[in-house]
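Visitor: only geometry, no sequence info:
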């Protein structure tokens, strides 16, 4: 077990050196993280030196294509999957939408899919729309008080008609980390597939998707210190069974088969910078070698330990107030550091109050309209959401608590 060297970590993010940001405490990380310097550098280099059609027979084109391949190859090692199973798209919402269109063609009327009311809309809305084509949509409901998703409730929904179960690794409102491996094993035994939304979990340490046992895993690289892309891990056997959504002549290319818009060359190449950063963290703290797949959980655990230590005092403070409703688990070990609270004043108003204290947070529904409604909260009123990552300091959390005292 290695403690995170926060000074080293923050040096890897140019945002912390920007004069305009230096006096601000950033707690809107669930909406998008700061970008690490490696991804910025790679993006800058691509636009300066390689902004040509990739995979051509001349040096700049060859270099551009090689860097795109590097990003896919290195991320696949971190995620514990085959290189061909890593698919880039413009966003997680777009990736889920394209996948839903493939399932629309693949499923038959009367077959069923299961969605939750804990998800934000990206991994819920596109699947629910399949009901218009005769696909039965069943809802796995969370506890309306705690927001907890009980696997026993899912078991009661599974039968021979179910083909797909869509659920979050962690909700962007509830924050609770769902037992993905357990759920995927249950669904697999029932003969169905799983689509896991990892957008709110992956920023806190990229998971070993291969070990989770899901068929589809979605997350956003702009929330994992990189450029604005959506990354989708799609099981190869499933990908070959689903109808292609790209141009007909790209149907055999796993990187283009489910990206009808065409890949963003520069941003895909820049995603290799995410792995550069993770490697730099490992090299600074551990120094010894190891394969990338073995290094990843060490970095993951360092991030989670740091975040958990910082999160518990914030949860204790919020739980001790009688003028708010703290949503999700009260223990830091079971949740991500994405914390939503409901107050008599609208969430956006509270966020504006924090901004006057130099604390950047968000207020609203965060595309989790169904989740808020299920919790008995008017989505138009919204919640205040504060979220942080492993680069957040103890002083910043203290500053947040002080500002909350003033604003609440």
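Guide: All right, it came through fine. Predicted, not measured: the structure shown is a model, and the values here were computed from it.
Visitor: separation between residue 92 and residue 27?
Guide: Separation of residue 92 from residue 27 (C-beta to C-beta, to the nearest Å): 21 Å. Where you see a C-beta, it was placed from the backbone N, CA and C, and this is true even at glycine.
Visitor: same check, this time on residue 270
Guide: 25 Å.
Visitor: just the strands in the chain please.
Guide: 25-26, 86-89, 112-116, 136-140, 162-168, 193-197, 216-220, 230-234, 325-326, 338-342, 359-360, 362-364, 383-387 (DSSP state E).
Visitor: mean confidence score for the fifth one?
Guide: Looking at strand 162-168 alone, the average pLDDT works out to 98.
Visitor: now find how far off-centre that strand is within its chain.
Guide: 17 Å (C-alpha atoms, centre = their mean, to the nearest Å).
Visitor: again, but for the last one
Guide: Put simply, strand 383-387 sits 16 Å off its chain's centre (C-alpha atoms, centre = their mean).
Visitor: and it, what does it pack onto?
Guide: Packing partners of strand 383-387 (3 or more C-beta pairs under 8 Å, 6 or more residues apart in numbering; DSSP states H and E): strand 338-342, helix 347-355, strand 362-364.
Visitor: residue 156: which of the strands of the chain is closest?
Guide: strand 136-140 (9.3 Å; C-beta to C-beta).
Visitor: how about low-confidence regions in this structure?
Guide: 288 (pLDDT under 70).
Visitor: the stretch 201-350 of the chain: helices as residue ranges?
Guide: For the stretch 201-350 of the chain, the helices defined by DSSP state H, counting those that start in this stretch cover 209-212, 236-241, 265-270, 272-285, 292-319, 347-355.
Visitor: turn those helices into JSON lines, including distance to residue 332.
Guide: Below are the helices of the stretch 201-350 of the chain laid out as JSON lines (distance: least, C-beta to C-beta, whole Å):
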{"stretch": "helix 209-212", "distance to residue 332": "22"}
{"stretch": "helix 236-241", "distance to residue 332": "35"}
{"stretch": "helix 265-270", "distance to residue 332": "32"}
{"stretch": "helix 272-285", "distance to residue 332": "21"}
{"stretch": "helix 292-319", "distance to residue 332": "4"}
{"stretch": "helix 347-355", "distance to residue 332": "21"}
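Visitor: out of the ones you listed, deepest packed?
Guide: Of all those, helix 265-270 carries the top mean neighbour count, a mean of 25, counting by mean count of other C-beta atoms under 10 Å.
Visitor: got the contact list for that one?
Guide: 39-40, 42-43, 46-47, 50-51, 54, 64, 67-68, 70-72, 88, 221, 226-229 (C-beta atoms under 8 Å, 6 or more residues apart in numbering).
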